[in-house]
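Trainee: this is the structure alone, sequence omitted:
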């Protein structure tokens, strides 16, 4: 009897171990609140300023911390197949209230090169942007060719960017991190699940 219980426990453990990878590899899809998948060609807005999300986007540079109170990134959905989410930049990205070490700065020429998710809960991104910082320095940041990573909670609308190196010759070693909240142009939350 004890041997049968041990074999049953081992069989249940084996089933549980096989079920975890299947759940972890679930495929992602962007949806509207109604549960309808977001269509290809739809423009999604990501807000990521310190006044808009708890942990706003920031760039740590050798010159100091670059932050903005308002950040609006726009991307166009190019695939939302249920196994792959892909998007790329759209015109209309903007920032406001940007500072470096408490002094006014300007962030512009924001380009979402690509954003991808093929596994539920995580994905990669490539972006570039310019910052005009105090002292007349212009920093051109990019991680093109070396994608950064992000995570999200299934059913949520916030992407959490891991600290990602964004190369800038003028500003030295720099890292982008923070959160972006996904929504439609009219402010309706978009979820990734």
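Mentor: It's in. This is a predicted model, so every value here is computed, not measured. Residues are numbered from 1 along each chain as shown.

Trainee: burial count for residue 183?
Mentor: By other Cβ atoms under 10 Å, 17 other residues sit near residue 183. To be clear about C-beta, it is placed using only N, CA and C from the backbone, and glycine gets the same treatment.

Trainee: got the contact list for the residue nearest in space to the middle of the chain?
Mentor: The centroid of the chain falls nearest to residue 159 when counting by Cα atoms, centre = their mean (4.3 Å). Residue 159 is in contact with 46, 123, 150-152, 179-180, 182, 192, counting by Cβ atoms under 8 Å, 6 or more residues apart in numbering.

Trainee: helix/strand/coil for it?
Mentor: strand (DSSP: H, G, I helix; E, B strand; the rest coil).

Trainee: let's see which of the contacts of residue 159 end up in strands.
Mentor: Secondary structure defined by DSSP state E assigns 46, 123, 150-151, 179-180, 182, 192 of the contacts of residue 159 to strands.

Trainee: got CSV for the residues you listed, with pLDDT, distance to residue 86 and neighbour count too?
Mentor: Converted to CSV, these look like this (pLDDT from 0 to 100; distance: Cβ to Cβ, whole Å; neighbours: other Cβ atoms under 10 Å):
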residue, pLDDT, distance to residue 86, neighbour count
46, 93, 15, 25
123, 97, 9, 22
150, 97, 14, 21
151, 97, 17, 14
179, 96, 21, 19
180, 94, 16, 27
182, 95, 14, 22
192, 91, 13, 23
